[in-house]
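In: here is my input, please return the structure:
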Amino acid sequence: MASTYMPWVSFMTCVFVYTSLFVTSSLDQLVPGIYMFGDSLVDVGNNNHLPFSLLKANFPHNGIDFPTGKPTGRFSNGKNNADFLAEKLGLPTGPPYLSLSRNLEQAPLTGVSFASGGAGILNETHELYNQTISLSQQVEYYSLVYDQLVQQLGLPGAQAHLEKSLFMIVIGSNDILTYFKKDSNVSKRYTPQQYVDLMASTLDPLLKSLHELGARKFVVTGVGNIGCCPVLRKQNAAYDCKADLNYWAAKYNDGLKILLKSFKSESSEINYSYFDFYGAMSELIQNPQIYGITEITEACCGLGNLKADIPCTPVSTYCPNRSNYLFWDRVHPTETVSKVFVDLLYDGSGQFTFPMNVEQLVGL
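Out: Residues are numbered from 1 along each chain as shown. Presented below is the predicted three-dimensional model:
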């Protein structure tokens, strides 16, 4: 029995190992790494390393549904967009850059996250939120990782690695919030149209810098319906969304789409997937039952009016049915909603992703 059984086991083991290696190799070939830029929607812990930052999530009840059950610095009850995208691609979530900054030799080839809660495109946004990592600083940090990749892989090897990697950018919400903040200085210097134009024109050279440093495949999200966050809804007597913020978020998105088309036209090497965050969130708000959402107005974790007077902190109360809520805290979505958005981003129809979805982008 052993003489006939064991060779069969050995054969099947070899098949399993070969198949596993093939799958891993295929995934590595398509997307070897994800380099993440942005704000709190994709921050996986960079702000934990900023001693004077007022925007942190490394305390309960954040992370209550994370696999460890502990807070990680994600502004969520569990995983966020960065985690779900990495899972789709069979990659680990990229570690926070600031956890590696003293020893970049430990930076994994599977990617790094530079995202920081409170970050914006404009330096004025960075100044408002005290200590955060602005997008320009994130790109500067990436340049150091690029240098390390070149040293480790050689220039041809680094270029081959990066041209297949994804560069995701999720930013702009904090800039809009800054403009409409009470006693905002930027609102005294610019009209709303001038301001959203400035956001796009400031983003343009940063995209070009990433391109010069090896980036070829970009995933860029527009700004969502930030006027529908609980902290802004509670300012209206009927808890309606703040129409002015939503209007100018949509206007910025219009400029961003024009910018991306122009950026693509400059080089045949560049490809991108734009995610209509605004449209996807509008659909979810109008038809929440499709996604199993029953509460679109109130935050799950917080205190006060719409649980939005006080952020999610250890003294806050939180809902038991978190998967039914659109918002985890007064500005951030729940883990459930983040997964919905990444599903649409990854292989959704052209309704919310264009000119292609991420699955199509990585196949190029």
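
In: and the gap between the residue nearest to the spatial centre of the chain and residue 170?
Out: For the chain, residue 42 is the residue whose C-alpha lies nearest the centre (C-alpha atoms, centre = their mean; 3.4 Å). According to C-beta to C-beta, to the nearest Å, residue 42 stands 5 Å off from residue 170. Where you see a C-beta, it was placed from the backbone N, CA and C, and this is true even at glycine.

In: now do the shared contacts for those two.
Out: Common neighbours of residue 42 and residue 170, using C-beta atoms under 8 Å, 6 or more residues apart in numbering, are 36, 81, 115.

In: does the second one touch residue 338 like I think?
Out: The one in question is residue 81. Yes - using C-beta atoms under 8 Å, residue 81 is in contact with residue 338, at 5.0 Å.

In: who has more neighbours out of those two?
Out: Between residue 81 and residue 338, counting by other C-beta atoms under 10 Å, residue 81 is the more crowded of the two (28 against 25).

In: any stretches of the stretch 251-364 of the chain with poor pLDDT?
Out: Applying pLDDT under 70 to the stretch 251-364 of the chain flags no residue at all.

In: all strands for this structure, in order.
Out: 34-38, 111-113, 166-170, 217-221, 271-275, 295-299, 301-302, 317-318, 325-327, 353-354 (DSSP state E).

In: rewinding a little: and the residue nearest to the centre of the chain, how close does it get to residue 316?
Out: Applying C-beta to C-beta to residue 42 and residue 316 gives a distance of 23 Å.

In: now residue 306
Out: Using C-beta to C-beta, we find residue 306 at a distance of 13 Å from residue 316.

In: also residue 229?
Out: Residue 229 is 16 Å from residue 316, by C-beta to C-beta.

In: compare the two and say which is more crowded by neighbours.
Out: Applying other C-beta under 10 Å to residue 229 and residue 316 shows that residue 229 carries more neighbours, namely 25 against 18.

In: who's in contact with the closest residue to the more buried one other than its chain neighbours?
Out: Of all residues not flanking residue 229 in the chain, residue 331 sits nearest, at 4.7 Å (C-beta to C-beta, 6 or more residues apart in numbering). Contacts for residue 331 (C-beta under 8 Å, 6+ apart) come out as 40, 75, 226, 229-231.

In: same question, residue 353
Out: Contact analysis of residue 353 by C-beta under 8 Å, 6+ apart lists 273-276, 344-345.

In: hmm, which two among these are most spread apart?
Out: 274 and 344 (12.2 Å; C-beta to C-beta).

In: which residues are common contacts for residue 81 and residue 338?
Out: Common contacts of residue 81 and residue 338, defined by C-beta under 8 Å, 6+ apart, comprise residue 41.

In: what bridges to the spatially closest residue to residue 94 that is not a sequence neighbour?
Out: Spatial nearest neighbour of residue 94, excluding adjacent residues (C-beta to C-beta, 6+ apart): residue 111 at 3.7 Å. On the basis of DSSP bridges, residue 111 is bridged to residue 34.

In: low pLDDT regions in the stretch 101-250 of the chain?
Out: Across the stretch 101-250 of the chain (using pLDDT under 70), the flagged ranges come out as 127-128.

In: quick one, helices of it?
Out: Along the stretch 101-250 of the chain, counting by DSSP state H, counting those that start in this stretch, helices occupy 123-128, 135-164, 173-179, 186-189, 192-212, 230-233, 243-265.

In: which other helices and strands contact the fifth one?
Out: So that's helix 192-212. If you count contacts as 3 or more C-beta pairs under 8 Å, 6 or more residues apart in numbering; DSSP states H and E, helix 192-212 packs onto helix 135-164, helix 173-179, helix 243-265.
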